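> Give me a 3D structure for the following:
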Amino acid sequence: HGQNLCIKLNQNRFQAKCVESCQLKWDKECALDLAKDRKFDFVFAADCLFFEHSHLSMIEMLAAVLNDNGKVFFMQPSRGGSLERFCQRAENCFSIKYLDVGNIFGGQVSGNSDECLHLIELAFKK
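Residues are numbered from 1 along each chain as shown. The predicted structure is shown next:
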């Protein structure tokens with residue numbers, strides 16, 4: 001329930017009437033069930049792209065649960081290039097922006113370039 005505590009502590013930062021969190025499973029069937037009831041404006045994920053066999057399931061799940069104008073944000077190290085390979089797979093469905101983490105966090109987040117955190121924004125291609 002740490003995710004709900006995080007929302008409660010940061011409630012004033014969100015410019016929305018309703019903020020909720022849930023765990024999204026990287027399974028297309030679970031995503032389709034969830035998408036019947038609701039879609040999300042934003043999806044935040046961290047350090048979840050290392051298992052490359054799950055990339056296509058992750059992309060399908062995101063496409064199913066995201067609103068047309070929604071965005072996905074990944075905070076992710078490269079992990080041997082798995083981040084870059086995910087982005088290559090996702091570019092058929094999403095436009096991808098690499099955001100400058102240094103400006104957000106006031107400098108480099110980690111020393112090793114493979115361990116440095118990258119902030120990636122995905123949005124549906126128009």
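> Report the contact partners of the residue found closest to residue 59 once you drop the neighbours it is linked to in the chain.
Once flanking residues are discounted, residue 59 sits nearest to residue 90: 5.2 Å by Cβ to Cβ, 6 or more residues apart in numbering. Just so you know, the C-beta spots here come from the backbone N, C-alpha and C atoms, and that holds for glycine as well. Contacts of residue 90 were listed using Cβ atoms under 8 Å, 6 or more residues apart in numbering, and they are 55, 59, 96, 122.
> Please identify the member of those with the greatest number of neighbours.
residue 122 (25 neighbours; other Cβ atoms under 10 Å).
> can you put the contacts of residue 90 in JSON lines and add distance to residue 23 and secondary structure?
Converted to JSON lines, these look like this (distance: Cβ to Cβ, whole Å; DSSP: H, G, I helix; E, B strand; the rest coil):
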{"residue": "55", "distance to residue 23": "18", "secondary structure": "helix"}
{"residue": "59", "distance to residue 23": "18", "secondary structure": "helix"}
{"residue": "96", "distance to residue 23": "24", "secondary structure": "strand"}
{"residue": "122", "distance to residue 23": "19", "secondary structure": "strand"}
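> List just the nearest of those to residue 81.
When those are compared for distance to residue 81 (Cβ to Cβ), residue 55 wins out at 12.1 Å.
> Strands along this structure, start to end?
40-46, 66-77, 94-99, 117-124 (DSSP state E).
> So which of those strands is nearest residue 32?
Across the strands of the chain, closest to residue 32 is strand 66-77 (Cβ to Cβ), at 12.8 Å.
> Low-confidence regions, this structure specifically.
1-20, 28, 101-116, 126 (pLDDT under 70).
> Pull the residues that contact stretch 41-58.
Contacts for stretch 41-58 (Cβ under 8 Å, 6+ apart): 16, 24, 26-28, 62, 65-67, 69-77, 79, 82-83, 85-86, 89-90.
> among those, which ones are buried?
Among the contacts of stretch 41-58, those buried by neighbour count (16 or more other Cβ atoms under 10 Å) are 24, 26, 28, 62, 65-66, 70-77, 79, 82-83, 86, 89-90.
> Distance to residue 44 for the contacts of residue 90 - can I get that in a markdown table?
Formatted as a markdown table, those follow (distance: Cβ to Cβ, whole Å):
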| residue | distance to residue 44 |
| --- | --- |
| 55 | 18 |
| 59 | 16 |
| 96 | 16 |
| 122 | 11 |
